[in-house]
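Novice: build me a model:
(2 chains)
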Amino acid sequence: GAGVSQTPSNKVTEKGKYVELRCDPISGHTALYWYRQSLGQGPEFLIYFQGTGAADDSGLPNDRFFAVRPEGSVSTLKIQRTERGDSAVYLCASSDRQGEGTQYFGPGTRLLVL
Amino acid sequence: AQSVTQPDIHITVSEGASLELRCNYSYGATPYLFWYVQSPGQGLQLLLKYFSGDTLVQGIKGFEAEFKRSQSSFNLRKPSVHWSDAAEYFCAVGKIQGAQKLVFGQGTRLTINP
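Specialist: Alright, predicted model coming up:
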């Protein structure tokens, strides 16, 4: 079946602009995660949804970052007033159960802030 | 707080040689351990995971890992590497209970010499 998909695959924006990154999880997966991967680093947790609600947003770096999952499926990560330091690959993952569910990752969105 | 250390940033081995990638974790309770592989431009693919039971875990692509609680380690091994194994490898730890956010190591880049 289809895996996790993310759009766009690449996004170039200017400092100060607003961006939205989209994640389509595997059908039926109730849990959805966002991670950020900077160059040469491992992924860092941002936020986790169980259904429509954010169960853990402790990884969001500041209030410029926000994520939604209004219908419990597709999620959008929103970044306001982008900064050059936001440049990274943003990874989305989904799993079918909280706790034990294996996380399946999408290919990521590469964000470059000029 | 959980943390993961992958001491080797870059490893080079010859095709057909054996491989061991090191992973040390810090976590106060029983950990939930993973190895993921990331090829250039690709998302993370799960190689194997340890949840409980047998401390020697078999994964895909001929990989295995051994959980050693006394050493807080979860090293990844393969008896004979193939050129297609060249990639970035990440070790990760999660909590068995509660939100399953993963904490990743910095990664080890594997290069294969022909």
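Novice: can you get me a residue count around the residue of chain A found nearest chain B?
Specialist: Chain B sits closest to residue A:42 of chain A, with a gap of 3.3 Å, by C-beta to the nearest C-beta. C-beta coordinates here come from the backbone N, C-alpha and C atoms, glycine included. Number of residues near residue A:42 (other C-beta atoms under 10 Å in any protein chain shown) recorded here: 22.
Novice: contact partners for it?
Specialist: Contact analysis of residue A:42 by C-beta atoms under 8 Å, 6 or more residues apart in numbering or on different chains lists B:4, B:6, B:90, B:92, B:104-107.
Novice: same check on residue A:17?
Specialist: Contacts of residue A:17 (C-beta under 8 Å, 6+ apart): A:81-82, A:113.
Novice: ok, the residue nearest the centre of chain B to chain A distance?
Specialist: Closest to where the C-alpha atoms of chain B average out (C-alpha atoms, centre = their mean) is residue B:35, at 3.4 Å. Note on residue B:35: its distance to chain A, by C-beta to the nearest C-beta, to the nearest Å, is 12 Å.
Novice: the helix or strand hosting that residue pairs with which strands, parallel or anti?
Specialist: Using DSSP states H and E, residue B:35 sits within strand B:31-38. Partners of strand B:31-38 in the sheet, by DSSP bridges, are strand B:44-50 (antiparallel), strand B:87-95 (antiparallel).
Novice: for the helix or strand of chain A with the lowest mean pLDDT, buried residues please.
Specialist: Every helix and strand of chain A was ranked by mean pLDDT, DSSP states H and E. The lowest is strand A:53-56, at a mean of 89. Going by neighbour count (16 or more other C-beta atoms under 10 Å in any protein chain shown), the buried part of strand A:53-56 is A:54-56.
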